[in-house]
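A.B. asks: Sequence and computational prediction follow.
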Amino acid sequence: MTSTRDFLAQREAELDAELDELRKKREPLEIELAEVRRARAALGPEPATLLDAVRRLATGPPGGSFADWTLKQMTLRALQDHFQEGATAQLLLEFFKDAYGREIARESLSPQL
């Protein structure tokens with residue numbers, strides 16, 4: 001008959017063996033993870049997305065009246081402030097006319113979209 005002490009000693013040995021196996025499997029992953037982190041750090045900070053860059057450039061506070069806004073500024077501002085879920089070209093053109101008092105030709109808007 002096995003005593004409690006014998007059982008615990010045997011179980012301790014089993015757990016130590018299992019942990020040794022796990023450590024052997026973990027080591028290569030830890031090494032690879034460190035390499036990936038070094039490579040990412042070498043790339044430097046992530047650049048802003050193209051959309052973020054365009055927003056910063058085009059939706060800054062335009063001077064003067066709506067007549068002074070570029071078509072890009074109007075488009076981005078309308079999408080950002082009024083049409084977060086998107087809008088058709090026709091809807092944007094109607095919005096420009098109603099909100100900004102600007103009539104824009106459809107063919108002028110297409111390149112912005």
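C.D. replies: Looks like it arrived, so ask away. What you are looking at is a predicted structure, and each value in this text was computed from that prediction instead of being measured. Numbering: from 1, shown residues only.
A.B. asks: Sticking with E18, tell me its helix or strand.
C.D. replies: helix 4-43 (DSSP states H and E).
A.B. asks: if you average pLDDT over that helix, what comes out?
C.D. replies: Taken as a whole, helix 4-43 has an average pLDDT of 91.
A.B. asks: again, but for stretch 89-100
C.D. replies: Average pLDDT, stretch 89-100: 86.
A.B. asks: Now find how far off-centre that stretch is within its chain.
C.D. replies: Computed by C-alpha atoms, centre = their mean, to the nearest Å, the chain-centroid distance of stretch 89-100 equals 29 Å.
A.B. asks: Run through who's touching it.
C.D. replies: By C-beta atoms under 8 Å, 6 or more residues apart in numbering, the surrounding residues in contact with stretch 89-100 are 66, 69, 74-75, 78-79, 82-83, 87, 102-104, 106, 109-110, 113. Yep, even glycine has a C-beta here, placed from its N, CA and C like the rest.
A.B. asks: cutoff 6 Å now
C.D. replies: 66, 74, 78, 102-104, 109 (C-beta atoms under 6 Å, 6 or more residues apart in numbering).
A.B. asks: right, and out of those, which lies closest to T2?
C.D. replies: In terms of C-beta to C-beta, no member of these lies closer to T2 than A78, at 78.7 Å.
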